[in-house]
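**Q** Sequence first, then the predicted structure, then my questions.
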Amino acid sequence: MIPYGRQDISQADIDAVVDVLKSDFLTQGPAVPAFEQAIADYVGAKFGVAVNSATSALHIAVKALGLGEGDLMWTSPITFVASANCGRYCGADVDFVDIDADTFNMCPDALAAKLEAAEAAGRLPKVIVPVHMCGQSTRAEEIAALARKYGIKIVEDASHAIGASYGEDKVGACAYSDITVFSFHPVKIITTAEGGLATTNDPVLAERMGLLRSHGVTRDPALMTHESDGPWYYQQVDLGWNYRMTEMQAALGLSQMARLDQFIDRRNALADRYDSLLADLPLQIPGRTDGARSAWHLYVIRLDDAAKHREVFEYLRANGIGVNLHYIPVHTQPYYRDLGHKVGDFPASEEYYSRAISIPLFAGMSDVEQNDVVRVLSEALSK
């Protein structure tokens, strides 16, 4: 079976993890700060805050921005449920903005129309969470301009997009947002096994996220309410969670960073090759954001004939091609339907779902494997 995604682990990665296992620190040691600095330096942000998953990073990001009970957060329907759930964790209401049919990202035109209506109704979101779907940047400058106009904070969900760029900026530089979140799950661009990280240029947000990931506990005298009782002393100054990243995870991530650009180059070459190989088949290849370079976490095709969707998907799986579908529109999930969302709310997202298939793409994929994917896909479409 050719999987839709696969981690790429080298001997150097293994050695880095083993070195930590032989060291004095398995948690709260030097590897996590080093990894945070490496990511921040790479993307061009001032601060990085590493945590145990991108879900945790999304949670502390929106919480650090003050999202809470009675507030409203908007995100995309075409994403993993975590992009929406982070708002619910804070007690906020969650709504969605439909996608651009070509790039699968939040549509700035739909956002503009929805914001105008929300302002008239007196119910604007406090935070919006645009998703860099498949590793491709949103039209970030347009979304940021709308956010400034209406006084809204932005968290970029770049779980798919470490190594991507928009214009002159790396995704994660926070040139168009308050906070950006990355994922290091095994099928992502680089991995820490499980893990996530939030970047920001705001020292107050960085400090607050650092507190929230570790129970809200500090040993920093500057953050305490009174003078320390002694060298053992700490204070809980906020209500936080245990979202810390381990030293082993950080060491793996640091080692993987050495090959990040190599991974991105290979993924882009594979995506370009897919564009060419699939050009004559009855399907649509992914569109691309102008002025951006995708990290190509996923390559999603859309079938011309939606009636063949399940048949083609099952044929591919049965013949050794590990396809997947990213994603079921979040607003159609039972939990969100119980909150008042319904089928028909976001037609572009639902149309996408009726035709989309994620076909294999990973940095270690060979041309021979890619040819096999295209061959089996051609067979499936011809039946």
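**A** Yes, it's here.
**Q** Identify the residue nearest the geometric centre of this protein.
**A** Most central in the chain under CA atoms, centre = their mean is residue 159, positioned 1.7 Å from the mean C-alpha point.
**Q** ok, the closest residue to it other than its chain neighbours - contacts?
**A** Nearest non-adjacent residue to residue 159, counting by CB to CB, 6 or more residues apart in numbering: residue 183, 3.6 Å away. In this view, the C-beta of every residue, glycine as well, is placed from N, C-alpha and C. For residue 183, the contact set (CB atoms under 8 Å, 6 or more residues apart in numbering) comprises 53, 54, 57, 159, 160, 195, 196.
**Q** By neighbour count, which of these wins?
**A** The most crowded member of the contacts of residue 183 is residue 57, carrying 32 neighbours; neighbours defined as other CB atoms under 10 Å.
**Q** helices or strands next to the helix or strand containing that residue in the packing?
**A** Mapping residue 57 onto the secondary structure by DSSP states H and E places it in helix 54-64. For helix 54-64, the packing partners by 3 or more CB pairs under 8 Å, 6 or more residues apart in numbering; DSSP states H and E come out as strand 47-51, helix 82-89, strand 127-129, strand 153-157, strand 179-183, strand 196-200, helix 203-212.
**Q** what's the burial count for the closest residue to residue 345 other than its chain neighbours?
**A** Among residues not flanking residue 345 along the chain, residue 331 sits closest, at 5.5 Å (CB to CB, 6+ apart). Applying the criterion other CB under 10 Å, we find 24 residues in the vicinity of residue 331.
**Q** Pull up the gap between residue 331 and residue 262, please.
**A** When CB to CB, to the nearest Å is the yardstick, residue 331 and residue 262 sit 38 Å from each other.
**Q** Give the rounded mean pLDDT of the helix holding residue 57.
**A** Model confidence over helix 54-64, given as mean pLDDT, is 98.
**Q** Excluding sequence neighbours, find me the nearest residue to residue 90.
**A** If the residues on either side of it in the chain are set aside, residue 90 comes closest to residue 67, at 4.6 Å by CB to CB, 6+ apart.
**Q** Need the three-state assignment for the one you found.
**A** The local conformation at residue 67, judged by DSSP: H, G, I helix; E, B strand; the rest coil, is coil.
**Q** Quick check: residue 35 touching residue 248?
**A** No. Assessed by CB atoms under 8 Å, residue 35 is found out of contact with residue 248, at 11.1 Å.
**Q** Looking at the two, which has the bigger crowd around it?
**A** With other CB under 10 Å as the criterion, residue 35 and residue 248 differ in neighbour count, and residue 35 comes out ahead with 27 against 21.
**Q** Let me know the helix or strand that the more buried one is in.
**A** Under the assignment here (DSSP H and E), residue 35 is part of helix 31-43.
**Q** Next, the angle strand 47-51 makes with that helix.
**A** 130 degrees (axes from the mean of the first three to the mean of the last three CA atoms, to 10 degrees).
**Q** Who are the packing partners of helix 31-43?
**A** Under the contact criterion of 3+ CB pairs under 8 Å, 6+ apart, helix 31-43 touches strand 47-51, strand 196-200, helix 247-257.
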